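*Asks:* Quick one: sequence plus predicted model below, questions after.
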Amino acid sequence: MTQFKTLDDLPADLSGKVALVRVDLNLPMDGGSASDVTRVEAAKPTILELADKGAKVLLLAHYGRPKGQRHSTMSTSWVQGDVEEVIGREIMFIPEVTGPVVEQSIGILGDGDIGLLDNVRFWPGEEANDAEFAKAVAAHGDLYVNDAFSAAHRAHASTEGLAHLLPAYAGRAMEAELKALDAALGNPETPVAAVVGGAKVSSKLDVLTNLVGKVQHLIIGGGMANTFLAARGVDVGKSLCEHDLTDTANTIMDQADHAGCTIHLPYDVVVAREFAANPSSLRTCNVHEVGTDEMILDIGPQAVEALADVLKTCRTLVWNGPLGAFETVPFDEATVALAKTAAALTQDGSLVSVAGGGDTVAALAHAGVKDDFTFVSTAGGAFLEWMEGKNLPGVAALEQ
């Protein structure tokens with residue numbers, strides 16, 4: 001596992017020190033308050049631990065995409081109330097990220113107090129990872145903590161630049177994420193299975209190419225599976241399918257063969273002539289029996305049973321994307337059934353299960369097993385880039 005410093009490496013007393021803490025406060029809003037505060041809950045342990053050690057905690061975050069301009073509707077002041085509610089402490093809002101206003105605010109804050117700086121993306125230097133901008137921000141702090149894995153795939157001043165200018169540490173959420181990801185693909189217990197679903201092969205090409213060299217079982221679901229079935233000569237009817245990518249699918253299957261990775265495609269599927277909840281034309285059939293006017297909308301019960309048997313032989317599971325059109329009943333059945341199997345194996349202690357990506361989190365919550373997996377990452381883009389085997393700048397900077 002790559003080495004990085006955590007809060008355990010800090011002294012017990014941080015009185016008089018200013019901690020610059022990068023967190024993810026890009027919350028979905030409904031009216032004037034957040035509809036989901038999961039990201040604040042993730043950052044809470046780090047914020048409170050630093051405050052309780054006596055540090056003045058300054059929170060750095062982005063909100064929306066203001067593209068280097070101030071927008072009153074994108075100020076982090078919008079989420080101040082939600083953050084205060086979750087962490088149970090008052091927070092001082094600071095309408096700048098550098099300069100005399102920040103300096104004065106630090107003077108007003110007492111040891112253990114918390115300040116929220118404005119949206120770092122109001123300044124063009126943030127997304128440009130401008131050295132002078134990073135230095136100006138760093139001038140206010142004694143140490144830097146990154147607790148925003150979800151922004152770690154961006155090389156911005158607040159996610160990457162600051163880590164080179166101040167003593168840098170991973171926050172508790174970042175630490176948990178990195179340990180889980182290391183257990184899943186970095187240094188996993190084998191055999192490893194990966195479930196990769198989603199509509200299009202084109203959006204997951206790099207993921208599939210990376211995984212065939214790393215896992216022993218690759219389970220392909222969602223609309224992507226139709227492209228692989230078509231590559232094997234199956235007539236998929238009116239199903240969502242990228243027919244122009246069948247050569248690519250064949251290449252991935254050849255790579256898997258050479259790497260000793262078994263690709264699992266469904267042999268029975270759930271089809272219908274129209275995509276709607278509980279359609280009258282619903283039926284389950286063998287993949288070779290799909291009618292020209294039918295669409296594959298989920299994988300069938302026999303395939304799910306076979307996949308459950310595969311998971312029982314595995315020690316590690318990485319999951320990204322649903323197996324079928326899970327938002328519409330009954331095309332959620334395969335995803336729910338396999339998720340429940342994975343959850344049960346995890347609870348038995350025989351499987352380490354790591355899942356991530358927006359659709360995946362929603363699907364596991366829908367199946368009622370989100371809390372039964374070893375680790376569920378709420379990071380979308382960063383999780384996907386990690387599955388692609390890419391270096392995440394925000395993480396690499398902590399490893400210096």
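*Replies:* It's in.

*Asks:* Kindly report the domain assignment for the protein.
*Replies:* Taking automatic domain parsing as the reference, the chain has its domains at 7-173, 188-387.

*Asks:* residues touching Met295, list them.
*Replies:* For Met295, the contact set (Cβ atoms under 8 Å, 6 or more residues apart in numbering) comprises Gly237, Lys238, Ser239, Leu240, Val271, Ala272, Arg273, Glu274, Phe275. Bear in mind the C-beta positions are built from the backbone N, C-alpha and C, glycine included.

*Asks:* mind redoing it with 10 Å?
*Replies:* Met295 makes contacts with 223, 226, 236-241, 269-275, 279, 281, 325, 331, as judged by Cβ atoms under 10 Å, 6 or more residues apart in numbering.

*Asks:* what's the answer for Gly32, then?
*Replies:* Applying Cβ under 10 Å, 6+ apart to Gly32 gives the contacts Trp78, Gly81, Asp82.

*Asks:* What of Leu265?
*Replies:* 218-221, 224-226, 228-229, 231-232, 234, 249, 253, 287, 299, 303.

*Asks:* again with Asp13
*Replies:* Counting by Cβ under 10 Å, 6+ apart, Asp13 touches Lys53, Gly54, Ala55, Asp111.

*Asks:* Excluding residues flanking it in the chain, which one is nearest the third one?
*Replies:* Closest residue to Ala55 apart from its sequence neighbours, by Cβ to Cβ, 6 or more residues apart in numbering: Leu14 at 3.8 Å.

*Asks:* State the number of residues packed around the one you found.
*Replies:* 22 (other Cβ atoms under 10 Å).

*Asks:* want to throw the contacts of Asp13 into CSV with pLDDT?
*Replies:* Listed next are the contacts of Asp13 as CSV, based on pLDDT from 0 to 100:
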residue, pLDDT
Lys53, 98
Gly54, 98
Ala55, 98
Asp111, 98
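
*Asks:* Just the buried ones from those residues, in ChimeraX syntax?
*Replies:* Buried members of those, defined by 16 or more other Cβ atoms under 10 Å, are picked up in ChimeraX with:
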select :53,54,55
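
*Asks:* Tell me the one among the contacts of Asp13 nearest to His153.
*Replies:* Nearest to His153 among the contacts of Asp13 is Ala55, at 27.3 Å by Cβ to Cβ.

*Asks:* you'd agree that closest one is up against Gly115?
*Replies:* No - the criterion here is Cβ atoms under 10 Å, and Ala55 misses it with Gly115 at 11.1 Å.

*Asks:* shared neighbours of these two, anything?
*Replies:* Val18.

*Asks:* And the helices in the stretch 51-200 of the chain, which stretches?
*Replies:* Applying DSSP state H, counting those that start in this stretch to the stretch 51-200 of the chain gives helices spanning 80-87, 100-108, 124-127, 131-138, 172-181.

*Asks:* Off-centre distance for the longest one?
*Replies:* What it means is helix 172-181. Centroid separation for helix 172-181 versus its chain: 12 Å, with Cα atoms, centre = their mean, to the nearest Å.

*Asks:* Report the buried residues of that helix.
*Replies:* Result for helix 172-181 [16+ other Cβ under 10 Å]: buried residues Arg172, Ala173, Met174, Glu175, Ala176, Glu177, Leu178, Ala180, Leu181.

*Asks:* I'd assumed Leu338 was in contact with Asp298.
*Replies:* No - if you go by Cβ under 10 Å, Asp298 and Leu338 don't touch, sitting 11.1 Å apart.

*Asks:* and for the two, which residues touch both?
*Replies:* With Cβ under 10 Å, 6+ apart as the test, Asp298 and Leu338 both reach Gly221, Val304, Pro322, Leu323.

*Asks:* Check which element follows the host helix or strand of the second one along the chain.
*Replies:* Following DSSP states H and E, one finds Val304 within helix 301-313. Once helix 301-313 ends, the next helix or strand along the chain (criterion: DSSP H and E) is strand 316-320.

*Asks:* now for that next one, which elements pack on it?
*Replies:* strand 192-196, helix 205-212, strand 217-220, helix 333-348, strand 352-356, helix 358-366, helix 381-387 (3 or more Cβ pairs under 10 Å, 6 or more residues apart in numbering; DSSP states H and E).

*Asks:* if we can go back for a sec, farthest pair within the shared contacts of Asp298 and Leu338?
*Replies:* Most distant of those, by Cβ to Cβ, are Val304 and Pro322, 12.7 Å apart.

*Asks:* Give the residues shared as contacts by those two.
*Replies:* Common neighbours of Val304 and Pro322, using Cβ under 10 Å, 6+ apart, are Gly221, Asp298, Ala334, Thr335, Val336, Leu338.

*Asks:* out of those residues, which are buried?
*Replies:* Gly221, Asp298, Ala334, Thr335, Val336, Leu338.

*Asks:* wait, the third one sits on Ile296?
*Replies:* The one in question is Ala334. No - Ala334 lies out of contact with Ile296 (Cβ under 10 Å); the separation is 11.2 Å.

*Asks:* Now the common contact residues for those two.
*Replies:* Taking Cβ under 10 Å, 6+ apart as the contact rule, Ala334 and Ile296 both touch Pro266, Val269, Val270, Gly324.

*Asks:* Neighbour count, pLDDT and secondary structure for the residues you listed - can I get that in TSV?
*Replies:* As requested, those are exported to TSV (neighbours: other Cβ atoms under 10 Å; pLDDT from 0 to 100; DSSP: H, G, I helix; E, B strand; the rest coil):
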residue	neighbour count	pLDDT	secondary structure
Pro266	27	94	coil
Val269	30	97	strand
Val270	23	97	strand
Gly324	27	95	coil
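
*Asks:* Pick out whichever of those sits closest to Thr38.
*Replies:* Nearest to Thr38 among those: Gly324, at 25.0 Å, using Cβ to Cβ.

*Asks:* which non-adjacent residue is nearest that closest one?
*Replies:* Spatial nearest neighbour of Gly324, excluding adjacent residues (Cβ to Cβ, 6+ apart): Asp298 at 3.0 Å.
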